[in-house]
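> Here is a sequence together with a model predicted from it:
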Amino acid sequence: MEFWKAQKERLKVLVERYGPLVVVIYLSTFAVSITGFYVAIGMGFELEGFGGDGARLATAYALTKLIQPLRILLTAALTPIVASKVRA
């Protein structure tokens, strides 16, 4: 529980400092993740008992949620870098 509280605070600080750029980066990591999982599942990474595009999308979403802590850390790392490039 503490981990999620710390991550929420970290995102709040980033949003205060960098504004909408944080949201764009976070949503970009989400889009890349879910697309990557969806394609990987479609290319033969099979999970027993799952089938069809709906199940494939649901599985990709579940896997994307599973790596959410990593995506938050990636967002925190990338935002200052991207902000410095955008402002330059």
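Received the coordinates, thanks.
> Spell out which helix or strand contains the residue most central in space within the chain, please.
Taking Cα atoms, centre = their mean, the centroid of the chain lies closest to residue 30, which sits 3.3 Å from it. According to DSSP states H and E, residue 30 maps onto helix 20-42.
> Give me the helices and strands touching that helix, please.
Contacts defined by 3 or more Cβ pairs under 8 Å, 6 or more residues apart in numbering; DSSP states H and E place helix 20-42 against helix 2-18, helix 52-66, helix 68-87. (C-beta placed from N, C-alpha, C; glycine too.)
> how does it look with 6 Å?
helix 52-66, helix 68-87 (3 or more Cβ pairs under 6 Å, 6 or more residues apart in numbering; DSSP states H and E).
> Between those, which one is closest to residue 1.
Minimum separation from residue 1 across those (Cβ to Cβ) falls at helix 68-87, 13.0 Å.
> Quick check: buried residues in the closest one?
Residues of helix 68-87 classed as buried: 71-72, 74-76, 78-79, 82-83 (neighbour count, 16 or more other Cβ atoms under 10 Å).
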